[in-house]
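Chemist: Just need the structure, nothing else, for what follows:
(chains A and B)
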Number of protein chains: 2
Amino acid sequence: MPFSYLTHLHCPKCEKVYRPDEIQQLCVCGSPLLVDYDLQELKKHWRPSAFSGRPSTLWRYHELLPVTAPENVVTLGEGMTPLLPMNRLGMDMGIGRLWMKDEGIIPTGSFKARGAAVGVSKAKELGVQELAMPTNGNAGAAWALYAARAGIRASIVMPVGAPLITRNECAVSGANLNLVKGLISDAGKIVGQAVKEHGLYDASTLKEPYRIEGKKTMGLEIAEQLEWNVPDVILYPTGGGVGLIGIYKALRELAELGWIKDKLPRLVAVQSAGCAPIVKAWEERKPASEFWTDSSTVAFGINVPKALGDFLVLEAVYQTEGCAIAIEDAELLEEQRKIARLEGAFVCPEGAAAFSATRKLRENGWIKESETVVVLNTGSGIKYPETVHVEVPVLEPHDVMRRS
Amino acid sequence: MPFSYLTHLHCPKCEKVYRPDEIQQLCVCGSPLLVDYDLQELKKHWRPSAFSGRPSTLWRYHELLPVTAPENVVTLGEGMTPLLPMNRLGMDMGIGRLWMKDEGIIPTGSFKARGAAVGVSKAKELGVQELAMPTNGNAGAAWALYAARAGIRASIVMPVGAPLITRNECAVSGANLNLVKGLISDAGKIVGQAVKEHGLYDASTLKEPYRIEGKKTMGLEIAEQLEWNVPDVILYPTGGGVGLIGIYKALRELAELGWIKDKLPRLVAVQSAGCAPIVKAWEERKPASEFWTDSSTVAFGINVPKALGDFLVLEAVYQTEGCAIAIEDAELLEEQRKIARLEGAFVCPEGAAAFSATRKLRENGWIKESETVVVLNTGSGIKYPETVHVEVPVLEPHDVMRRS
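Modeler: Numbering: from 1, shown residues only, chains lettered A, B, ... in the order given. Purely as a prediction, here's the structure:
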C-alpha cells in the first residue's frame, strides 16, 4: 500500500487540475489550490484499528497527507495534541461537554507547526532549496525551525509589532529575518517582490497548497479522539483561516471515507473586533471579504486584514450552518484569566477569543447546553507574556511571605 | 486489578516506613521519602502489550504511580513527549545515535509539569487545600497551574531574577505569588516559615514524596520509546536533580519488573560552571554536596546551590558509573544556537548545557561513537527569549527584502 494516496491538485475556483510532483503555487486564475487523494481506493484499506499502534504524531495519517516517501518527512514530533475536558469552565458557561483542543502542546508552541511540518516536508520532497514568507510571528517561527531541520534556507518577513518571542525563534534558527514597520499585508508585498526577483519558493499562506494538509490533521485528530464521532460545534480563531479550511476539508474527507456519519459540526470563525473582515462578510452573506483598514488587536495572530482564502472560510461556515463572531480585546483577556484560574491552562489570546465567543454564543442561545463543543486553542500563552498583568510583592530575604 | 500498586513510603537514610494514605513530608530524620510499589504483584499483570491502547500521557503508567483513584488524576495531557533523532547534530559531534527527549512539548513548557501533575493529583487525593513552594520559575508555574485545575490554593515564592514568563504563568493562574531579592534558597526559607506558621502543605522539592514519581515517567517513556531497551548514556541538566533521581528509580523498577535486561545507562549530571556543587562532590568522590556560594548562570533552572536530594543524585551517578560535568554559559549558548540551526529545535539553556556536555564527553572519549545517547531537553527555549541575540534589518513598507 502506498505511503500517500495523493493524486493531484485542483483549483476550487476554475477547476483546473495540476500535477503534485512539480512545484505549484497559485492557480493561473489566482486562487489557492487544494490537494486530492484517491479516497475510493483508501476506503478499501483504512481501518480505525490501523491507528492504535502508530506514533502519536500527525504522521499517523500519512495516507491522507501529501508526502509520498517516508524519508522526506521532517518532524519534531508534532500532532496528537491533547483534547482536554474543560468541566469547570463549561459549568461556568452552562455547557455540559466543553473540550479544548490544546495546540500549545506542540513544537514551536503553536498550531503553525502542523502546516510547517507538512509544508516543509513536501517542499523537501519537491527539491526546494530556499523559501520565503510573510508572517504575524508564529508561522514564521515554525517554518524557520522546520526549514532548518530540513536543511532548507528560509527568508521570513514579519511586522515589528509581532510577538518578540517569535522573532527570537526565527533568529535562533539561522533564518534570514527582516522586520517591517507595517502589517502582515506589507510583509506580504515585500515577500512577493523577493519571490519574483530571486525565484524563491513562496510559502505565504495558501500560496503553496500543502499547509492546509498539515492543518487539516486537527480535524482528523478531533474525530479520532472522540472515537470517530464529531462534536456539534467547533470554534476556531480565524486570521488567515487555514485551520478552519483544513478542518472542514478533513471532515469532508472522513465523511467520504465513511468514517464519520453524523452531520458535520457547525464551524465558527472567531475574529477580533479590531480586525473582523470575515465576520462582516458573513453578516452581509457575502462570498468573500473586503480589506479591513486600520486593524488592531492584542490577538496578533488573527490580525489579518484580508485573507487569500476568505472565500473558502466562508464556504465552510455557510455549508455547515456555522457562524462568524467578533470579540473585543478586553473580553478575550478577561476570558484568558478565567481559563487559567478555573482550568490551569494558560492559553494564547487567540484561543481566549474562541472561548469568549463560546460564552457569547451560549448566552444568546446559538449553542445549547446539551451540545458537545470543541474550542481550538491555537497556541501557548507562554508566547504572549505581555497579555498578563503582574503586580506582586517583592520581599527581602528575611521578610515574611504575604498571603493575598 | 488496582489502579495503583502503591504500598508505602520509606526513608532511604534511616529505613523508617510511612503510610501513603496520610500527608507525609520529610522523614523525622530529615531525609526525603521514596515511594514503594508491590512490584512482585505488578510483575504478574503488566505486559508491554497493555500500553498500545492507552492514552499518550504519563498516566499510561498509572500502576506505577501513587494516585490510587482515577478520579483524582489532574491532567493537562502531559507526558509521552517526543524522543527525536538528532542526526545532523550527532554527526557534528561524532555520535552515531543521538536522541533528544524533548520536554518542551508539554503543558507549561517544561518537564516540571510531570512532577506537578502527579504531585498535585496526589495532594488532591490526600485532601490538601493549600500548598506552598519556592521555585526557580518553571516548577512554580507548573504547580500553580495544576493546583488551579485541581482547585487547590497555591503560594509561590520565586527569585526576582527568575524567567519573567514563569512569573506571568503563576500570576495568570491566580496563585499567591511573592518575589524575593535573592536565590531559591532564600525563597525556600520564606516558604519554610510560612508552612510552619500557617500549616500549609510543603511542596518544596523533595519535601513531598510524589514529585519524583512524576519525573520518573521520563525514564519509563525513554525505555518504552526505545522498545524496552535502554541507551548507553543519559545526560540530564541537574539543579535539584529530581529528574535524575526519578529516571534512576524508574530504571531500577523496570529492571525489577524484568522489562529491561541490559546494564543500566550511565547517568550524567550536567551543571553550570557558575553553580556546580554536585560536580565538585563527584570529583571529590563525596556522598553529598556543599552549599555553592555566589552561584550564577544563564541556565536559571539549574541555579541550585545546595540540593536536598544531592546524595540521591550522587548515588545514581556512582551506581551507574556515570559522571558529573560543568558547562560554561558561553558554551551552552553556542550549543543552543547550533541545535536550532542543525535540528530546528529551540531548546532551553539547561537542555543546551546537556548537549554541550555530550559534545565534551565525546571529545574526551568518555562517550564512544557507537554508543546510544539520550539527552534531556528539560524545557522549551520559548520560555527564555533573552538567551537569543537578535539583530535584524527593519524595513519600511516599500523597501526591498534583504538577504543576508
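Chemist: mind checking the SS state of A:Gly182?
Modeler: coil (DSSP: H, G, I helix; E, B strand; the rest coil).
Chemist: Can you tell me the SS state at the spatially most central residue of chain A?
Modeler: The centroid of chain A falls nearest to A:Gly243 when counting by CA atoms, centre = their mean (3.8 Å). Counting by three-state DSSP, the backbone at A:Gly243 sits in helix.
Chemist: That one contacts A:Ile222, doesn't it?
Modeler: No. Contact between A:Gly243 and A:Ile222 fails when scored by CB atoms under 8 Å: they sit 11.4 Å apart. All C-beta atoms are positioned from the backbone trio N, CA, C, and that covers glycine.
Chemist: tell me how far the helix or strand that contains A:Ala269 is from the chain's mean position?
Modeler: Assigned by DSSP states H and E, A:Ala269 belongs to strand A:266-272. Relative to its chain's centre, strand A:266-272 lies at 12 Å (CA atoms, centre = their mean, to the nearest Å).
Chemist: so what secondary structure elements neighbour that strand?
Modeler: In terms of contacts (3 or more CB pairs under 8 Å, 6 or more residues apart in numbering or on different chains; DSSP states H and E), strand A:266-272 is packed against strand A:233-237, helix A:242-257, helix A:277-283, helix A:310-319, strand A:323-327, helix A:349-363.
Chemist: average pLDDT for that strand?
Modeler: The average pLDDT within strand A:266-272 is 98.
Chemist: That strand versus helix A:242-257: what angle between them?
Modeler: 170 degrees (axes from the mean of the first three to the mean of the last three CA atoms, to 10 degrees).
Chemist: Just the strands from the stretch 101-250 of chain A, written as ranges.
Modeler: A:130-134, A:153-159, A:176-180, A:201-202, A:233-237 (DSSP state E, counting those that start in this stretch).
Chemist: and among those strands, the most buried is which?
Modeler: strand A:233-237 (a mean of 29; mean count of other CB atoms under 10 Å in any protein chain shown).
Chemist: With just CA atoms, put that one into PDB.
Modeler: What follows is strand A:233-237, C-alpha atoms only, in PDB (Å, rounded to 0.1, in the frame of the first residue of the first chain):
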ATOM      1  CA  VAL A 233     -19.800  22.900  17.200                       C
ATOM      2  CA  ILE A 234     -16.100  23.700  16.600                       C
ATOM      3  CA  LEU A 235     -14.800  27.200  17.300                       C
ATOM      4  CA  TYR A 236     -11.600  28.400  15.700                       C
ATOM      5  CA  PRO A 237      -9.800  31.800  16.000                       C
END
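Chemist: got the strands of the stretch 101-250 of chain A as a markdown table, with distance to A:Val118 and mean pLDDT columns?
Modeler: Below are those laid out as a markdown table (distance: least, CB to CB, whole Å; pLDDT from 0 to 100):
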| stretch | distance to A:Val118 | mean pLDDT |
| --- | --- | --- |
| strand A:130-134 | 14 | 98 |
| strand A:153-159 | 16 | 98 |
| strand A:176-180 | 23 | 97 |
| strand A:201-202 | 15 | 98 |
| strand A:233-237 | 18 | 98 |
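Chemist: closest to chain B out of these?
Modeler: Comparing the strands of the stretch 101-250 of chain A by their distance to chain B (CB to the nearest CB), the top pick is strand A:176-180, with 4.6 Å.
Chemist: re the thing from before, which of the helices and strands packed on strand A:266-272 sits closest to chain B?
Modeler: When these are compared by CB to the nearest CB, helix A:349-363 sits nearest chain B, at 10.6 Å.
Chemist: relative to strand A:323-327, how tilted is that closest one?
Modeler: 120 degrees.
Chemist: number of nearby residues for the residue in the stretch 201-350 of chain A positioned nearest to chain B?
Modeler: Going by CB to the nearest CB, chain B is nearest to A:Gly344 of the stretch 201-350 of chain A, at 3.0 Å. Look at A:Gly344: counted by other CB atoms under 10 Å in any protein chain shown, it has 29 neighbours.
Chemist: can you check A:Ala273 too?
Modeler: Applying other CB under 10 Å, we find 17 residues neighbouring A:Ala273.
Chemist: residue contacts, it?
Modeler: A:Thr297, A:Ala326, A:Ile327, A:Glu328, A:Asp329 (CB atoms under 8 Å, 6 or more residues apart in numbering or on different chains).
Chemist: what distance separates the start and the end of stretch A:195-208?
Modeler: Terminal residues of stretch A:195-208 are spaced 13 Å apart (CA to CA, to the nearest Å).
Chemist: Could you confirm whether that stretch reaches chain B?
Modeler: Yes. Judged by CB under 8 Å from any CB of the partner chain, stretch A:195-208 comes into contact with chain B at A:Glu197, A:His198.
Chemist: what's near enough to touch the nearest residue to A:Ser404 once chain neighbours are set aside?
Modeler: Among residues not flanking A:Ser404 along the chain, B:Asn176 sits closest, at 4.9 Å (CB to CB, 6 or more residues apart in numbering or on different chains). In this structure, B:Asn176 makes contact with A:Arg402, A:Arg403, A:Ser404, B:Arg153, B:Ala154, B:Ser155, B:Ile156, judged by CB under 8 Å, 6+ apart.
Chemist: Dump the residues you listed to CSV, plus distance to B:Lys215.
Modeler: CSV is the format used below for the contacts of B:Asn176 (distance: CB to CB, whole Å):
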residue, distance to B:Lys215
A:Arg402, 30
A:Arg403, 29
A:Ser404, 30
B:Arg153, 24
B:Ala154, 19
B:Ser155, 22
B:Ile156, 19
